[in-house]
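In: here is a sequence together with a model predicted from it:
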Amino acid sequence: MKQLKPRDVALAALKELSRGPGFVERYLDRAFQKTIQFSERDRAFTLNLVQGVLRWRLRLDWVIRQSVKFPFKKIEPTILDILRIALYQILFMERVPESAAVNEAVKQTKVMGKTHLTSFVNGTLRQICRNKDLFAFPHKEKGITAYLSVLYSFPEWLVTKWAGELGYDLTERLLEASKRVPGLVVRTNTLKIDRKSLIGLLELNGIKCVPTRYVPHGIEIKGLKGPINRLELFREGLFQVQGEAAQVCSYLIRPVAGESVLDLCAGLGGKTTHVAELMANKGMIVALDINRHRLISLLNSSRRLSVNCISPVVADATGSALSMIGHRFDKIMVDPPCSALGTISRHPDGKWTRDESDINRLAYQQGRMLDNAVQLLRRGGRMLYTTCTISRQENEAVIYTFLERNKGVVLEDLRLHVPKWGLDLIDDSGFFRSFPHLHSMDGFFGALLKKKD
């Protein structure tokens, strides 16, 4: 691993896509730790290649299809990824000479033991270089779904789904926004510092930043070089990396100091530690997750942030063991696994690792988690359901189906609970919704439920 070059790491990372969501990102994290000779420039170049190929894969394949004289599906997977990496550089990276992209692709082909295919790789890429401005995309008039799919590099099933829910005009705006590289947002740790003071310290360290548009403690970091967790201010626990839409969620449940809160599927604890801060670190928060390693990371973050009111529990939120928790909570947050279609700009692998069958399966699991969670909610208590997806089946459909099964629970209008800065984020049905094309943040959904007294 230590002898690998950026393009080699990118090629190996792309192979992880077939394993499912998140595997590409985890591979890169491990690779960067092991490849100690990589400079920050090497890391940035590698990440750009991987994210770029994932972001534009369908359009890259469209060009390759028009450049080969045999069926596209016969191209070996490794060779196809080599072509994609080179083609991304040719079409989208102006600073990389075309000759360098082609030559490195040929070298990779040889290194991978595919010497007999070097002529194919070399010839295909050079032909594309000569004709890159001549490739035709599908005609919008002949089929708008295929046109949008290729133009913005999204699978047709997802374009069709969003068009059915939002209409084609809003879908195109959403596709356009979802291909942009998102900014880095952090959350001020109000237990230690206020936002204005933190911005001042960041700027003293040469880091450009601006306050977030909505949430009062968020900061957007601009032009940071290197991992943010290497900053001394991060190690001191003055802030936590967390997207703006995710920060909104914690305000919706209106946590109060001294309350008892259950956080189902707490994960790495972004929302958990935020709620602890809003509670002034006073009260009890039970952070439940099926993955022990995620909870260990949550505890490490808690110590760094000086949060000590969180108790981790390893358990399956869909299982019957959840009912063994004897306590009844004032507030419950249910943040279940979802298709994550609202975070594609941040995690473009999600376009290629999800399909419609996943959405139905996930919606069923989400309903089970709500059914289990409501048993642990005290009378008069509130439960917040949130997802980071743009999918009716996983959002309002899950809520309405849950309410039909649970007559002792009512839906609350979030317009009556959200701070004034968040009113634009609540729709006419009282749900929290954020969209990349409307709010310049990830696509999230939230619903607030109350157990009758």
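Out: Received the coordinates, thanks.
In: so Phe445 lies in a helix, does it not?
Out: No - assessed with DSSP: H, G, I helix; E, B strand; the rest coil, Phe445 is strand; it does not lie in a helix.
In: backbone phi and psi for the residue nearest to it when sequence neighbours are not counted, please?
Out: Among residues not flanking Phe445 along the chain, Asn395 sits closest, at 4.2 Å (Cβ to Cβ, 6 or more residues apart in numbering). Glycine gets a C-beta too; all of them are placed from N, C-alpha and C. Here is the backbone geometry of Asn395 (degrees, to the nearest 10): phi -110, psi -100.
In: use 483 as the first number from now on
Out: With the count now opening at 483, the last piece we talked about shows up as Asn877.
In: can you give me the neighbour number for Asn877?
Out: For Asn877, the number of neighbouring residues by other Cβ atoms under 10 Å comes to 26.
In: same question, Lys551
Out: 5.
In: the one 10 residues further on too?
Out: A count of neighbours around Ile561, defined by other Cβ under 10 Å, yields 19.
In: elements contacting the longest helix along the chain?
Out: Longest among the helix segments of the chain by residue count, using DSSP state H, is helix 522-547. Packing partners of helix 522-547 (3 or more Cβ pairs under 8 Å, 6 or more residues apart in numbering; DSSP states H and E): helix 488-497, helix 505-516, helix 559-574, helix 600-613, helix 626-634, helix 832-835.
In: coming back round to it: do you know how far the residue nearest to Phe927 is from Glu647?
Out: 10 Å (Cβ to Cβ, to the nearest Å).
In: do the same with Phe913
Out: 14 Å.
In: same question, Pro503
Out: Pro503 is 21 Å from Glu647, by Cβ to Cβ.
In: check Lys624 too.
Out: 23 Å.
In: more neighbours: which of these two?
Out: Glu647 (14 against 8).
In: and the more buried one, what element?
Out: Under the criterion of DSSP states H and E, Glu647 resides in helix 638-648.
In: does anything pack onto that helix? Which helices or strands?
Out: Using 3+ Cβ pairs under 8 Å, 6+ apart, helix 638-648 sits against helix 626-634, helix 650-660.
In: now with 10 Å?
Out: helix 626-634, helix 650-660, helix 838-856 (3 or more Cβ pairs under 10 Å, 6 or more residues apart in numbering; DSSP states H and E).
In: would JSON lines of these with distance to Gly862 be doable?
Out: Converted to JSON lines, the helices and strands packed on helix 638-648 look like this (distance: least, Cβ to Cβ, whole Å):
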{"stretch": "helix 626-634", "distance to Gly862": "46"}
{"stretch": "helix 650-660", "distance to Gly862": "38"}
{"stretch": "helix 838-856", "distance to Gly862": "13"}
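In: would you reformat those helices as a markdown table and include mean neighbour count, mean pLDDT and distance to Asp615?
Out: Listed next are the helices and strands packed on helix 638-648 as a markdown table, based on neighbours: other Cβ atoms under 10 Å; pLDDT from 0 to 100; distance: least, Cβ to Cβ, whole Å:
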| stretch | mean neighbour count | mean pLDDT | distance to Asp615 |
| --- | --- | --- | --- |
| helix 626-634 | 19 | 96 | 16 |
| helix 650-660 | 19 | 96 | 22 |
| helix 838-856 | 18 | 95 | 36 |
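In: looking at those helices, which is closest to Arg828?
Out: With Cβ to Cβ as the criterion, Arg828 lies closest to helix 650-660 of these, at 9.5 Å.
In: show me the contact partners of that closest one.
Out: 537, 626-627, 629-631, 633-636, 640-648, 823-828, 830, 833, 872, 917-925 (Cβ atoms under 10 Å, 6 or more residues apart in numbering).
In: mind redoing it with 8 Å?
Out: The contact list for helix 650-660, computed with Cβ atoms under 8 Å, 6 or more residues apart in numbering, reads 626, 630, 633-634, 636, 641, 644-645, 648, 826-827, 872, 917-919, 922, 925.
In: may I have stretch 731-747 as PDB, with CA atoms only?
Out: In PDB, the C-alpha atoms belonging to stretch 731-747 read as follows (Å, rounded to 0.1, in the frame of the first residue of the first chain):
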ATOM      1  CA  CYS A 731     -33.000  18.300  13.600                       C
ATOM      2  CA  SER A 732     -31.800  18.800  17.200                       C
ATOM      3  CA  TYR A 733     -33.800  22.000  17.600                       C
ATOM      4  CA  LEU A 734     -37.000  20.400  16.400                       C
ATOM      5  CA  ILE A 735     -37.400  18.300  19.500                       C
ATOM      6  CA  ARG A 736     -36.700  21.300  21.800                       C
ATOM      7  CA  PRO A 737     -34.500  19.500  24.400                       C
ATOM      8  CA  VAL A 738     -34.600  21.000  27.900                       C
ATOM      9  CA  ALA A 739     -32.000  20.600  30.700                       C
ATOM     10  CA  GLY A 740     -32.900  17.800  33.000                       C
ATOM     11  CA  GLU A 741     -34.900  15.800  30.600                       C
ATOM     12  CA  SER A 742     -34.400  12.100  29.700                       C
ATOM     13  CA  VAL A 743     -33.800  11.500  26.000                       C
ATOM     14  CA  LEU A 744     -33.500   8.300  24.000                       C
ATOM     15  CA  ASP A 745     -31.600   8.600  20.700                       C
ATOM     16  CA  LEU A 746     -32.300   5.500  18.500                       C
ATOM     17  CA  CYS A 747     -29.600   4.700  15.900                       C
END
